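S.K.: Quick one: sequence and predicted model below, then my questions.
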Amino acid sequence: MVAKRDVGSLSDLTKDEWLDFTELIKKIEATYKKSFGATMFNWTCLMNNAYKNDPPNPHVHWHLLPRYKKAVTFKGIDFGDNEFGSHYARKIDRAVPDEVFSEIVKVIKKFSRQYRTKKA
């Protein structure tokens, strides 16, 4: 996230942090659209686990799940989004081989480079 401090609630974000996060969302979504043809995105901000501890220690963080209307084939593996247009399963029972995962990361990094900005 953009915040350089611990943020315990969405309402604690400053206006500048929200604006920075909005720009980051645009860059991330563009990267996934260009790298693997993502159709849309599910963003979640779930902090439930923070309240399993006593005292709780919540911090704002985000989860991104790119969604795909059409299956993507990469390195001989078909990645289909069988629940496109619906809520997604919380657990996916398919492991991706480490070498394929590394290649996925390389592709995402390649496309993300064009959206990097210099920060002071």
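M.R.: Nice, thanks for sending it over.
S.K.: What separation is there between residue 38 and residue 69?
M.R.: Per CB to CB, to the nearest Å, residue 38 is found 9 Å from residue 69. All C-beta spots, glycine's among them, are computed from the backbone N, C-alpha and C.
S.K.: Residue 95 now?
M.R.: Distance from residue 95 to residue 69, by CB to CB: 24 Å.
S.K.: of the two, who's got more company?
M.R.: residue 69 (11 against 8; other CB atoms under 10 Å).
S.K.: list the contacts for the more buried one?
M.R.: Contacts for residue 69 were tallied using CB atoms under 8 Å, 6 or more residues apart in numbering; they are 39, 81, 84.
S.K.: show me where this protein has strands.
M.R.: Per DSSP state E, the chain carries strands over the ranges 40-44, 63-67, 72-74, 77-79.
S.K.: Now render those strands as JSON lines, adding distance to residue 32 and mean neighbour count.
M.R.: Formatted as JSON lines, the strands of the chain follow (distance: least, CB to CB, whole Å; neighbours: other CB atoms under 10 Å):
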{"stretch": "strand 40-44", "distance to residue 32": "7", "mean neighbour count": "12"}
{"stretch": "strand 63-67", "distance to residue 32": "4", "mean neighbour count": "14"}
{"stretch": "strand 72-74", "distance to residue 32": "11", "mean neighbour count": "13"}
{"stretch": "strand 77-79", "distance to residue 32": "13", "mean neighbour count": "12"}
